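Chemist: let's see this in three dimensions:
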Amino acid sequence: WFSLHDRGKVYLALGEHEKALADLNRAVELEPRMGLARNTRAKVLQKLNRASDALADLNRAVELEPRSVPTRVWRGSLLVKLHRYEEALQDFDLAAELRPESRWVLGQRGNVLVTLGRYEEALQDYDVVVEQSPTAANYQRRASVNFHLKNFQDALADLNHAVERKPMDVSVVLSISPERVANCPSPEFRDGMRQLADRVVKLNDRSPRALSARLQFFLGLGEWESAQQDLDEILRAEDQIGHYDLYQAALVALATDGQDRYRALCTRMVETFADSSEAMELYFTAWTCALAGGTLKDCAPALALAQKAVEVEPEDRQFLTGLGAIQMRAGRCESALETLKRAASAGEDENTSVAYALYFRAMTENHLDRSEDARRSLARANAQAEQELADLAVPPPWNRRLTLQLLRQEAEALIGSTESVDEQTNN
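Modeler: The predicted structure is shown next:
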C-alpha cells in the first residue's frame, strides 16, 4: 500500500488526479486502518471538487488517529472552505493543544478566529506566529487584527515592519482597505499610512505598480488632487493604457471639475476601444462617456459599444445600466427608460449599484415630462444610495461613492426636491 500511496502523491503533484485517485483507492483497500492514505486521498478528492467525499475520508482518518495534528489541520482547513468555522476551530484548538508552539497551527487558527470576529484571541496566535516567523505577510496579518482592535499605532508599526522585510511588495499599502483608513478615528494613523505609501513609492523608484497602489490609497480616501498626480504619472509611464486606468482618470477629472480633461479622456476611450470585442472594454467606455452630460458631440459610437456589450450579456445589470445611461445621453429616452427598467429588475450584481439605474431612470422620466415618476424614482435612488453608503462593515469602494454623489447631484439639480414623495412614502 505504501508504494501505491507514494505513487499517488506523485500523480497528485503532476496534476494527474484520476490516476492519483486510482492508486490511493487501492492503497486504502489494502490498508483501511491507515489514516495517511485517507489524508492524501482527501487532497485528491478536493482537487476533483468532491468535498463531501474528502470530508468523509478526513473524518475516518480522525477516528483512526484522533491525535494526529496534520489530520486535524487538514480537516479544519477543509471545513473552513465549507464555511463551517466553528467546527474548524475545534480541530485547530485540539491541534494547538498538541503543538502549542506551531506557527502552522496557530496561523490557521488565527485566520478562523478573525473570520469569527474574535480578534483578541487571534492576536495572541499571531503574536506567536510573528515571533517565530517575522515575515512581511505575517506582519500584515497582525496589522489587520490590531487595526480591528483599534491598536492603531501597533498596526502602523506592523505595516512598517512589513515594508522593511519586503520593500518591493507594494500590497502593504492596501493591506488595510483605504475605505477603512478613511473612516479611522485616529488622524495619526491616517497620516502614518500616507507616509507609508510615500515610502513604498520611493523604495520602488516610483514604479507604475507602486504608484498604482498609492493611487488606490488616495482614491479610497477621496484625496482627488493627490490621486490625479499619480494618475498623470502612470498614464505617462505606461505604453499601453487599459480601459480601467482611463475610466479612473475620467472619474477623478469629474471630481476635480476637470471637464475638459474628462471629455478628452472619453474621446480617447472611444477611439482606443472602437474595434474591441472585449465586453468590459465596451461597457466601461460607454459608461465613462455617460457619467456627465454634453460629453460627446456624437454619442453614436459610444452607444454602439454599449449595445455590443449587452449583446454579449443580455441580462447583465451593469451592461444594461451602461446602455440605458448612454441612450439617455443620446436623447433616446423611450429606449433608455425600457433598458433602465430591465437593469433595475435584473439579477443582483456586486459590480454595480441599482441606484445608478434609478438615477438615470429618474432623469430619463424627467426628460419625458413625467415629473411625478421622476421624483419617485429619485426618492428610490436616494434611499438605495444612502443604504449603501451607510454600510461601515463593508464600505463601498471609492468609485461607487463618487458616482453616487455625482449622479445624485445631477438628478436633484434637474428634478428638484423629493420631500413630498418621502413624506408619502413614510405615511
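
Chemist: beyond the helix or strand where Ala344 lies, next helix or strand please.
Modeler: Following DSSP states H and E, one finds Ala344 within helix 333-345. Using DSSP H and E, the helix or strand that follows helix 333-345 in sequence is helix 354-367.

Chemist: other SSEs contacting the next helix or strand after that following helix?
Modeler: Beyond helix 354-367 on the C-terminal side, the first helix or strand identified by DSSP H and E is helix 371-389. Helix 371-389 makes packing contacts with helix 354-367, helix 398-415, helix 419-426 when contacts are defined by 3 or more C-beta pairs under 8 Å, 6 or more residues apart in numbering; DSSP states H and E. No exception for glycine: its C-beta is placed from N, CA and C like everyone else's.

Chemist: coming back round to it: can I get the helix holding Ala344 in CSV, CA atoms only?
Modeler: C-alpha atoms of helix 333-345 as CSV (Å, rounded to 0.1, in the frame of the first residue of the first chain):
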residue,chain,number,x,y,z
CYS,A,333,-35.3,58.5,-23.8
GLU,A,334,-38.1,56.0,-24.6
SER,A,335,-35.5,53.3,-25.3
ALA,A,336,-33.4,54.4,-22.3
LEU,A,337,-36.4,54.0,-20.0
GLU,A,338,-37.1,50.5,-21.1
THR,A,339,-33.5,49.5,-20.8
LEU,A,340,-33.1,51.0,-17.3
LYS,A,341,-36.3,49.2,-16.1
ARG,A,342,-34.7,46.0,-17.3
ALA,A,343,-31.5,46.9,-15.5
ALA,A,344,-33.2,47.6,-12.2
SER,A,345,-35.1,44.3,-12.3
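
Chemist: now that helix: buried residues?
Modeler: Within helix 333-345, the residues that count as buried by 16 or more other C-beta atoms under 10 Å are Cys333, Ser335, Ala336, Leu337, Thr339, Leu340, Arg342, Ala343, Ala344.

Chemist: got the contact list for the last one?
Modeler: If I follow you right, that is Ala344. Applying C-beta atoms under 8 Å, 6 or more residues apart in numbering, we find Ala344 in contact with Arg317, Val354, Ala357, Leu358, Arg361.

Chemist: closest to Leu149 among those?
Modeler: Leu149 lies nearest to Val354 out of the contacts of Ala344, by C-beta to C-beta, at 34.9 Å.

Chemist: just the pLDDT for the closest one.
Modeler: With respect to pLDDT, Val354 scores 96.

Chemist: and it, how far is that from Ala249?
Modeler: Distance of Val354 to Ala249, given as C-beta to C-beta, to the nearest Å: 26 Å.

Chemist: ditto for Val44
Modeler: Per C-beta to C-beta, Val44 is found 47 Å from Ala249.

Chemist: neighbours around the residue nearest to Pro396 when sequence neighbours are not counted, how many?
Modeler: Nearest-residue entry for Pro396: Glu388, 5.4 Å, with adjacent residues in sequence omitted and distances by C-beta to C-beta, 6 or more residues apart in numbering. Residues within reach of Glu388, counting by other C-beta atoms under 10 Å, total 17.

Chemist: mind starting the numbering at 14 from now?
Modeler: With 14 as the first residue, the last one maps to Glu401.

Chemist: ok, Glu401 to Pro410 distance?
Modeler: Glu401 is 11 Å from Pro410, where distance means C-beta to C-beta.

Chemist: list the contacts for Arg51?
Modeler: If a contact means C-beta under 8 Å, 6+ apart, then Arg51 has Val41, Asp70, Leu71, Arg73, Ala74, Leu77 as its contacts.

Chemist: can you rerun that using 7 Å?
Modeler: By C-beta atoms under 7 Å, 6 or more residues apart in numbering, the residues touching Arg51 are Val41, Asp70, Arg73, Ala74.

Chemist: then Ile339?
Modeler: Neighbour list for Ile339: Ala299, Cys302, Ala303, Cys312, Ala315, Leu316, Ala319 [criterion: C-beta under 7 Å, 6+ apart].

Chemist: any chance of those residues in TSV, with distance to Gln242, secondary structure and pLDDT too?
Modeler: Shown next, in TSV, are the contacts of Ile339 (distance: C-beta to C-beta, whole Å; DSSP: H, G, I helix; E, B strand; the rest coil; pLDDT from 0 to 100):
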residue	distance to Gln242	secondary structure	pLDDT
Ala299	28	helix	97
Cys302	24	helix	97
Ala303	26	helix	97
Cys312	31	coil	94
Ala315	28	helix	96
Leu316	33	helix	96
Ala319	31	helix	97
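
Chemist: show me which of those residues is closest to Ala338.
Modeler: Of the contacts of Ile339, the one sitting nearest to Ala338 (C-beta to C-beta) turns out to be Ala303, at 3.7 Å.

Chemist: low-scoring stretches of the stretch 264-413 of the chain, by residue?
Modeler: Along the stretch 264-413 of the chain, no part satisfies pLDDT under 70.

Chemist: let's see 90
Modeler: For the stretch 264-413 of the chain, the stretches with pLDDT under 90 are 270, 306-310, 360-363, 404-408.
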